[in-house]
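S.K.: Predicted model and sequence below, questions to follow.
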Amino acid sequence: MAMEMRLPAARKPLSERLGRDTKKHLVVPGDTITTDTGFMRGHGTYMGEEKLIASVAGSVERVNKLICVKALKTRYIGEVGDIVVGRITERRRSAEDELAMRGFLQEGDLISAEVQAVFSDGAVSLHTRSLKYGKLGQGVLVQVSPSLVKRQKTHFHDLPCGASVILGNNGFIWIYPTPEHKEEEAGGFIANLEPVSLADREVISRLRNCVISLVTQRMMLYDTSILYCYEASLPHQIKDILKPEIMEEIVMETRQRLLEQEG
Amino acid sequence: MASVALSEAEKVYIVHGVQEDLRVDGRGCEDYRCVEVETDVVSNTSGSARVKLGHTDILVGVKAEMGTPKLEKPNEGYLEFFVDCSANATPEFEGRGGDDLGTEIANTLYRIFNNKSSVDLKTLCISPREHCWVLYVDVLLLECGGNLFDAISIAVKAALFNTSIPRVRVLEDEEGSKDIELSDDPYDCIRLSVENVPCIVTLCKIGYRHVVDATLQEEACSLASLLVSVTSKGVVTCMRKVGKGSLDPESIFEMMETDEAVACQWYDRQLPNLDGWLNASSKNEEGREKDGGICL
């Protein structure tokens, strides 16, 4: 039985610990990005008084002649082709709907789907027209900021440590035990309610804590970063990963490994 | 209470995990999340404390004001509790949504303090039947992340520990009219002894086992909880059952034993480290005398 109390402590700023040379150009709404009018303006900027001004708080990204500001923390903005994990909150109440859908999907259920179309008011329409999408069974949901999920070719990952993860572009991360029989998929609408083994549970809990530590330290989430973080956390007990000092240590190690891997 | 929507499969996962003593975040059934306590956070109060338990964030302020003692207890002061569930905590508390929960928590606080030994109310008396100190304890829920009662009880205890009541003298004139004199020295004050202030331990029944310090998701899977307030000496001051489900008598005894064991271990572990902690925290800030300690 463990109970720990501590005083709140301020987190040390990142640059102190890393000594990075390349500093990002961070701006807040209203900051001037450049007075050079030769640039095309992208997302997060607007033209005012012959200057390019930022409209969101984030880092400036420049691709040749296009300047845009990538916000550090945003609500999810849907794009066609995104994978999302969502929870059913409300449903249309019509007779056909009641007869057909009730058996499959209830309020409160989690599903994985792909964005089919985006409306002008920001609403998205989803489809589950593939066997890999559908109702999600047993597992753990972690909600993070959408800006921390890296855009990749695939968002469904089967990690070698023994669990699978779905990195939804909307910030909903779903961690679940790897299903044994991948070939015979029933379309994903029948949930398996058998107890998950203890070993799988440990892997899932550890992954969940790793995801939370990466998010607390504002690191991008993708399969490699999660895997490296998992491996760095193995010497510690699962419940200790969330302690601030251990979290910092693990994420530092992950960051170093990722930098080594890049170049 | 704030609630989250969970799918059937997620609930099944949580319940099975609890049976195997491995919760979603890797904790055992009797482990608490990391608690952060800070005192003396609000400057215009007599005492204050802020407690963060996972996603639960509580702020407590204590204000000491002069009032008349209650008729049945003329030699004592008293405490008044008020709990504000702010809409910041969760959208369900918007408007008057949080009032019910606030009254429930306040009533529980009144019950656990409703005995002679929790706080020595005689120290709050200025002159019998005429003047006494009334301590208004205001609890503000900033964020609701499960296990509200435990966090609130820790915060109230820390805030009472931090409370400093100015020392007053009663001067009597020749005509018999009394005058109350406040001492000039701002550091001349009475501190309350919070040794016997109880802390609440909530046990949620999930499946066949019970867990300590449940998160919002775990509370959604639990039908009944037992709330026990225990002092450092192992004395139980109040017991309450919360929730729609039922508890059979054997499981109640089992849960009470766990509650007492958890609370005693809690007090045993923290008290020896207390002095070192208090000294370390008072040297925290240069130039400002800060009372960053907590007494359990």
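M.R.: Nice, thanks for sending it over. Numbering: from 1, shown residues only, chains lettered A, B, ... in the order given.
S.K.: If we ignore the residues flanking it in sequence, what's nearest the residue in the stretch 151-263 of chain A that chain B sits nearest to?
M.R.: Of the residues in the stretch 151-263 of chain A, the one nearest chain B is A:Ile238, at a distance of 2.9 Å by CB to the nearest CB. All C-beta atoms are positioned from the backbone trio N, CA, C, and that covers glycine. Nearest-residue entry for A:Ile238: B:Gly26, 2.9 Å, with adjacent residues in sequence omitted and distances by CB to CB, 6 or more residues apart in numbering or on different chains.
S.K.: I'd assumed the one you found was in a strand, is it?
M.R.: No. Assignment of B:Gly26 by DSSP: H, G, I helix; E, B strand; the rest coil gives coil, placing it outside any strand.
S.K.: Isn't it up against A:Ser205?
M.R.: Yes. Using CB atoms under 8 Å as the test, B:Gly26 is close enough to A:Ser205 to be in contact (4.2 Å).
S.K.: Between those two, which contacts overlap?
M.R.: In terms of CB atoms under 8 Å, 6 or more residues apart in numbering or on different chains, B:Gly26 and A:Ser205 are both contacted by the residues A:Ile238.
S.K.: re earlier: how much space separates the residue nearest to A:Ile238 from B:Leu227?
M.R.: With distances taken as CB to CB, to the nearest Å, B:Gly26 is found 25 Å from B:Leu227.
S.K.: Please point out which parts of stretch A:62-81 sit buried.
M.R.: For stretch A:62-81, burial by neighbour count (16 or more other CB atoms under 10 Å in any protein chain shown) applies to A:67-69, A:71, A:76, A:78.
S.K.: For the residue of the stretch 151-263 of chain A closest to chain B, report the pLDDT, please.
M.R.: Among the per-residue scores, A:Ile238 shows a pLDDT of 92.
S.K.: And for it, the neighbour number?
M.R.: Other residues lying near A:Ile238 total 22 when counted by other CB atoms under 10 Å in any protein chain shown.
S.K.: need the contact list for it.
M.R.: A:Ile238 makes contacts with A:202, A:205-206, A:209, B:25-26, as judged by CB under 8 Å, 6+ apart.
S.K.: go again using 10 Å as the cut-off
M.R.: The neighbourhood of A:Ile238, defined by CB atoms under 10 Å, 6 or more residues apart in numbering or on different chains, consists of A:201-210, B:22-23, B:25-27.
S.K.: Same check on A:Cys161?
M.R.: For A:Cys161, the set of contacting residues under the criterion of CB under 10 Å, 6+ apart consists of A:178, A:202-204, A:206-207, A:226-227, A:230-231, A:234.
S.K.: What of A:Met219?
M.R.: For A:Met219, the contacting residues are A:148, A:150, A:213, A:225-226, A:229, A:251, A:254-255, A:258, taking CB under 10 Å, 6+ apart as the criterion.
S.K.: Now go through the residues you listed and say which are in strands.
M.R.: With strands identified by DSSP state E, none of the entries of those belong to them.
S.K.: how about the strands in the stretch 51-200 of chain A?
M.R.: Secondary structure of the stretch 51-200 of chain A, counting by DSSP state E, counting those that start in this stretch: strands at A:51-54, A:58-63, A:66-71, A:83-87, A:110-118, A:124-127, A:134-135, A:140-143, A:156-158, A:163-167, A:172-177.
S.K.: Pipe the ones you listed into a markdown table and attach distance to chain B and mean pLDDT per row.
M.R.: As requested, those are exported to a markdown table (distance: least, CB to the nearest CB, whole Å; pLDDT from 0 to 100):
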| stretch | distance to chain B | mean pLDDT |
| --- | --- | --- |
| strand A:51-54 | 28 | 90 |
| strand A:58-63 | 25 | 88 |
| strand A:66-71 | 23 | 88 |
| strand A:83-87 | 6 | 94 |
| strand A:110-118 | 5 | 93 |
| strand A:124-127 | 17 | 92 |
| strand A:134-135 | 8 | 89 |
| strand A:140-143 | 5 | 94 |
| strand A:156-158 | 18 | 93 |
| strand A:163-167 | 12 | 94 |
| strand A:172-177 | 9 | 94 |
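S.K.: and of those, who's closest to B:Met239?
M.R.: Shortest separation from B:Met239 across the strands of the stretch 51-200 of chain A is recorded for strand A:140-143, at 33.0 Å, computed as CB to CB.
S.K.: Pull out the buried residues from that closest one.
M.R.: So, applying 16+ other CB under 10 Å, buried residues of strand A:140-143: A:140-142.
S.K.: Tell me, how many residues neighbour residue 228?
M.R.: Looking at chain A here, since you left the chain open. Close neighbours of A:Tyr228, defined as other CB under 10 Å, add up to 21.
S.K.: try chain B instead
M.R.: 23.
S.K.: Quick check: can you name the pairing partners of the helix or strand it falls within and their directions?
M.R.: With secondary structure defined by DSSP states H and E, B:Val228 is part of strand B:224-230. For strand B:224-230, the pairing partners within the sheet under DSSP bridges are strand B:199-206 (antiparallel), strand B:236-242 (antiparallel).
S.K.: Show the contacting residues for B:Asp120.
M.R.: By CB under 10 Å, 6+ apart, the contact set of B:Asp120 is B:76-77, B:192-196.
S.K.: I'd like the average pLDDT over stretch A:201-211.
M.R.: Across stretch A:201-211, pLDDT averages out at 95.
S.K.: before we move on, the earlier item: show me how far the strand holding B:Val228 is from its chain's centre.
M.R.: Using CA atoms, centre = their mean, to the nearest Å, we find the averaged C-alpha position of strand B:224-230 to lie 13 Å away from the chain's own average C-alpha position.
S.K.: Now do that strand, average pLDDT.
M.R.: Throughout strand B:224-230, pLDDT has a mean value of 90.
S.K.: circling back to that earlier point, make CSV out of the strands of the stretch 51-200 of chain A and add distance to B:Leu59.
M.R.: Formatted as CSV, the entries for these read as follows, by distance: least, CB to CB, whole Å:
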stretch, distance to B:Leu59
strand A:51-54, 34
strand A:58-63, 31
strand A:66-71, 30
strand A:83-87, 30
strand A:110-118, 34
strand A:124-127, 38
strand A:134-135, 41
strand A:140-143, 24
strand A:156-158, 41
strand A:163-167, 35
strand A:172-177, 30
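S.K.: which stretch among those strands comes nearest B:Cys264?
M.R.: Distances from B:Cys264 to each of those were compared by CB to CB, and the smallest falls on strand A:140-143, at 32.5 Å.
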